[in-house]
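In: Just need the structure, nothing else, for what follows:
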Amino acid sequence: MSRSRLFIAASLASLCAFALEATAQVKPAPSGFTAIFNGKDTAGWQGLNPHSPNYDKFIALEKSERDAKIATWTEDALKHWSIQNGELVNDGNGAYLATARDYGDIELLIEYKTVPKADSGIYLRGVPQVQIWDYTEAGGKWNIGADKGSGGLWNNSPGAPGKDPLVLADKPFGEWNSFRIIQIGARTTIYLNDKLVVDHAILENYYDRKLPIFAKGPIILQTHGGEIRWRNIFLREIPADEANKVLASKASAGFSSLFDGKSLDGWAGPVANYEVVDGAIRCKAGKGGTIYHEKELTDFVARLEFKVPEGGNNGLAIRYPGQGDTAYVGMCELQVLDDTSAKYAKLDARQYHGSAYGMAAAHRGFQRPVGEWNFQEVTVQGSKIKVELNGTVILDTDLSKLIEYMANSPHPGKDRTSGFFGFAGHNDPVAFRNISVKLLK
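Out: Residues are numbered from 1 along each chain as shown. Below you'll find the predicted structure:
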């Protein structure tokens, strides 16, 4: 064989080896995961600019306006995004690329490779962002935290948990980095290259910090002036029971159970109106009244799971004195309600789920579908009360500062400093399980 033919053969062999190596990097989806990037085209993705207008304003537009903007952004995105050897490549410009589908609780696996002085990120539920940037001094951004590395929730408030990564985990330029991101409600856990960089921190709503992040939204890959490559993008939607277990497992030290799962031992009040079914306390249909655990509490954190039937109504008695209507004579009644029921469509905002009944309105839209178990954590400290539902804070208020009440009804118990914890039944078979409390003082 001539020297030229040997050269051609060697070159072809080299190219084949390179192609095989490139193909080998495109992995099959791990068990339980789905590939949301197919390695061939942008099917399932669309252009998006979440800051023109801000994403919260964008989703409030009429569908026709949203569709028109998406069409324009997608046309722009396709000029700057390409597929190379199974990799999704952006040249640093153009519209961001977003999933066409919205997601709630997820586990996301994604690999990226970028270049010096680049800056990018991953938006979760349309909200910025899991930070990606040049962590070296030469990158020029040590003054805003780049020296701490990628993976933090950089758009959180200064000093907020998760804003800065726990460790520097970036690989040198030219190497692939891998994220594992777990999002349950607003709670975000991030591993970068198998190192924990964010531990169950709340992702703040960049667009309006007074509001929680959205219940569902797209995953968005940011463009920010430098080339970035993505590959092996896999997603798993987290079911309710698994999400509840994760939430219950976090910071669980110091909690003690208030319910043995078998009987109402240790509970007082009209206990005959309640029953224990499948390890849960359930109000009997057509019955009600407030039952309460016999131990009086001052400041505490309570955790529990609850399930509402269609149109179900109940409440959590907070610092209840043992008699009377806890909504008024206790510190408050935290409403437990099927917010989706048509019969509740015209309630006062202070009557929906998680609200301090008649006093302070909770954010809506974070309950699981009727018939599924929800996880709720309630923190009572002094005059302040916070409610976190399925990983999202829906109420955070100081009752001592309230001056307006529903129907101008007085709440003489709101300033109570101690009392009992219980359930305020209203004739519906609402169920509670895995009930525990941690004393704060």
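
In: show me what contacts the nearest residue to Ser82 once chain neighbours are set aside?
Out: Closest residue to Ser82 apart from its sequence neighbours, by C-beta to C-beta, 6 or more residues apart in numbering: Val89 at 5.0 Å. Where you see a C-beta, it was placed from the backbone N, CA and C, and this is true even at glycine. By C-beta atoms under 8 Å, 6 or more residues apart in numbering, the contact list for Val89 reads Trp81, Ser82, Ile83, Glu227, Ile228, Arg229, Trp230.

In: switch to 7 Å and redo it
Out: Trp81, Ser82, Glu227, Arg229 (C-beta atoms under 7 Å, 6 or more residues apart in numbering).

In: Repeat that for Ala29.
Out: Counted by C-beta under 7 Å, 6+ apart, Ala29 has contacts Ala35, Phe234.

In: Make sure it is indeed in a helix.
Out: No. Counting by DSSP: H, G, I helix; E, B strand; the rest coil, Ala29 is not found in a helix; it is coil.

In: tell me the SS of Ser201?
Out: Just to correct that, residue 201 is Ala rather than Ser. Under three-state DSSP, Ala201 falls in the strand class.

In: Beta-bridge partners for it, please?
Out: Taking DSSP bridges, one obtains Thr188 as the residues bridged to Ala201.

In: I figured it hits Pro165, correct?
Out: No. Ala201 lies out of contact with Pro165 (C-beta atoms under 7 Å); the separation is 10.5 Å.

In: Which strand or helix spans the residue nearest to Ser82?
Out: strand 87-90 (DSSP states H and E).

In: avg pLDDT for the helix or strand just after that strand?
Out: Using DSSP H and E, the helix or strand that follows strand 87-90 in sequence is strand 96-99. Mean pLDDT, taken over the full extent of strand 96-99, equals 98.

In: Could you do stretch 279-290 as well?
Out: 98.

In: Just the buried residues of it, please?
Out: Within stretch 279-290, the residues that count as buried by 16 or more other C-beta atoms under 10 Å are Ala280, Ile281, Arg282, Cys283, Lys287, Gly288, Gly289, Thr290.

In: so the first one touches Phe432, yeah?
Out: Yes. Checked against C-beta under 7 Å, the pair Ala280 and Phe432 is within contact range at 6.0 Å.

In: now the contacts of Val89 as CSV including distance to Thr74?
Out: CSV is the format used below for the contacts of Val89 (distance: C-beta to C-beta, whole Å):
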residue, distance to Thr74
Trp81, 10
Ser82, 14
Glu227, 20
Arg229, 20
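
In: For those residues, which entry has the maximal number of neighbours?
Out: Trp81 (23 neighbours; other C-beta atoms under 10 Å).

In: Now do the helices in the stretch 201-350 of the chain.
Out: Here the stretch 201-350 of the chain has its helices, by DSSP state H, counting those that start in this stretch, at 240-249, 326-329.

In: Was I right to think Leu221 contacts Ala95?
Out: No. Between Leu221 and Ala95 there is no contact under C-beta under 7 Å: 10.5 Å.
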